[in-house]
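*Asks:* Got a predicted structure here, sequence first:
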Amino acid sequence: MPEKLNDIQKAQTLTKQLNADLSVLEGHTTPSHHQPKHKVRPTSNGYAPVSTGSECSNRSEVATVATSTLETLSAIELHRQELPPLREIVNGLLTQGLALLCAPSKYGKSWLSLDLCLSVAADWKFLGFQTEQSGVLYLALEDGYRRLKKRMGLMLKDTPPPENFDFAIKAETVDSGLSEQINTYLKEKPKTGLIVAHLQWS
């Protein structure tokens, strides 16, 4: 019996302490011996701890909770800014950033992609548009070197291929390292201006 009474007393003490802490969180006052160990204050996102004594020596007195706010720019500020023009790999058609070429199977996406890569690497016009010559990486992940060589030969005929044009037929997936592979490639070949990835969407 004494052991059971001791356990009950411990449980009652713990319950009183928890109730005292909840009272402070809800804004009620409690006796000083029931005050929680760490003081808190209400914020827009809940409650934040209030540092006291030596805790304030190396950081701000009140620890605040991070809030998510909109980052805005006024029309006047935007009007006053001088923004550099976007780089155009194909003038009037393809600017820096992400572009998607989508079409059903057997509609010539691979041929068009190869033509784009060759045109940019060799400084030729593409679909009648002037290109900016730069290094090119073609991730032909559905092709093999044999078919790529055959198609490139049909397109180039007797013209030698450009030197700043690389193929890759194997790569990691987006979730398992493709970004790191591309970043490493760009560090090795910083003059690369175009990366084309031929992917199959299921």
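*Replies:* It's in. Residues are numbered from 1 along each chain as shown.

*Asks:* Any stretches of this structure with poor pLDDT?
*Replies:* 1-67, 200-202 (pLDDT under 70).

*Asks:* what about the helices in it?
*Replies:* All helices of the chain, identified by DSSP state H, fall at 2-25, 75-80, 109-122, 145-156, 178-188.

*Asks:* Can you tell me, leaving aside adjacent residues, what's nearest to Lys109?
*Replies:* In this structure, Lys109 finds its nearest non-sequential neighbour in Ala103, 5.4 Å apart by CB to CB, 6 or more residues apart in numbering. C-beta coordinates here come from the backbone N, C-alpha and C atoms, glycine included.

*Asks:* Please verify my assumption that that neighbour contacts Trp111.
*Replies:* No. When contacts are counted by CB atoms under 8 Å, Ala103 is not listed as touching Trp111 (11.2 Å).

*Asks:* Please say which of the two ends up with more neighbours.
*Replies:* Set side by side, Ala103 and Trp111 show more neighbours around Trp111, with 12 against 9, by other CB atoms under 10 Å.

*Asks:* Disregarding flanking residues, what is the spatial nearest neighbour of that one?
*Replies:* Closest residue to Trp111 in three dimensions, ignoring its sequence neighbours and counting by CB to CB, 6+ apart: Arg151, at 6.8 Å.

*Asks:* Let me know how buried that neighbour is, in neighbour terms.
*Replies:* Arg151 is flanked by 16 other residues according to other CB under 10 Å.

*Asks:* and what of Leu78?
*Replies:* By other CB under 10 Å, the residues close to Leu78 number 9.
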